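Q: Provide a 3D model corresponding to the input given below.
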Amino acid sequence: MHNVTFPGRYESLEKIGEFIKESAQNAGFDGFSTYTIETSVDEACSNIIEHAYGNNLSGNIEISVIIEEKQMIIIIKDNGLSFDPEAISQPNLSSVLDEREDHGLGIYMMKQWMDVVQYESHPNYNTLTLIKNKAALK
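A: Residues are numbered from 1 along each chain as shown. Coordinates of the predicted model:
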């Protein structure tokens, strides 16, 4: 397991992305799967920065990566305000792009791309667990 803590700021997103991309590549994921994992984590961390921390510049984002034979598990921990992604309605994908609501699309993408998206709120922290299964070898 690899644990890394980043400042909960937008400036950290590039380093978070590099860490996740390298982890996914080392785990044997192909280019597209690596992209979906990296984008899902970027969206999750952006939501933490915007919604959990807001103007609080002292919060951190702790990311743990566990690579198993058949899957990659990413646990993202913050100590900001809790946020229930299930409370966000699914975006209307059939509406014209510039008429869509500007929230919910990132969570929708995470759920489409990752095999498990599990949010838990605890008294002093929150965790988001993302799991990506490795494709069966042909």
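Q: quick one: contacts for the residue nearest to the spatial centre of the chain?
A: The residue lying closest to the centre of the chain (C-alpha atoms, centre = their mean) is Val41, at 2.8 Å. Shown in contact with Val41 (C-beta atoms under 8 Å, 6 or more residues apart in numbering): Ile16, Gly17, Ile20, Ile63, Ile74, Ile76, Leu130. (C-beta placed from N, C-alpha, C; glycine too.)
Q: distance of the third one from Leu57?
A: I take that to be Ile20. The spacing between Ile20 and Leu57, counted by C-beta to C-beta, to the nearest Å, is 23 Å.
Q: name the element the residue nearest to the centre of the chain belongs to?
A: helix 31-47 (DSSP states H and E).
Q: buried stuff in that helix?
A: 33-34, 36-45, 47 (16 or more other C-beta atoms under 10 Å).
Q: now render those residues as CSV, adding distance to Asn3.
A: Shown next, in CSV, are the buried residues of helix 31-47 (distance: C-beta to C-beta, whole Å):
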residue, distance to Asn3
Ser33, 22
Thr34, 20
Thr36, 22
Ile37, 17
Glu38, 18
Thr39, 22
Ser40, 19
Val41, 14
Asp42, 19
Glu43, 21
Ala44, 16
Cys45, 15
Asn47, 20
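Q: pLDDT and distance to Lys111 for those residues - can I get that in JSON lines?
A: Below are the buried residues of helix 31-47 laid out as JSON lines (pLDDT from 0 to 100; distance: C-beta to C-beta, whole Å):
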{"residue": "Ser33", "pLDDT": "97", "distance to Lys111": "16"}
{"residue": "Thr34", "pLDDT": "98", "distance to Lys111": "18"}
{"residue": "Thr36", "pLDDT": "97", "distance to Lys111": "11"}
{"residue": "Ile37", "pLDDT": "98", "distance to Lys111": "13"}
{"residue": "Glu38", "pLDDT": "98", "distance to Lys111": "16"}
{"residue": "Thr39", "pLDDT": "97", "distance to Lys111": "13"}
{"residue": "Ser40", "pLDDT": "98", "distance to Lys111": "9"}
{"residue": "Val41", "pLDDT": "98", "distance to Lys111": "14"}
{"residue": "Asp42", "pLDDT": "98", "distance to Lys111": "15"}
{"residue": "Glu43", "pLDDT": "95", "distance to Lys111": "11"}
{"residue": "Ala44", "pLDDT": "96", "distance to Lys111": "11"}
{"residue": "Cys45", "pLDDT": "96", "distance to Lys111": "16"}
{"residue": "Asn47", "pLDDT": "91", "distance to Lys111": "13"}
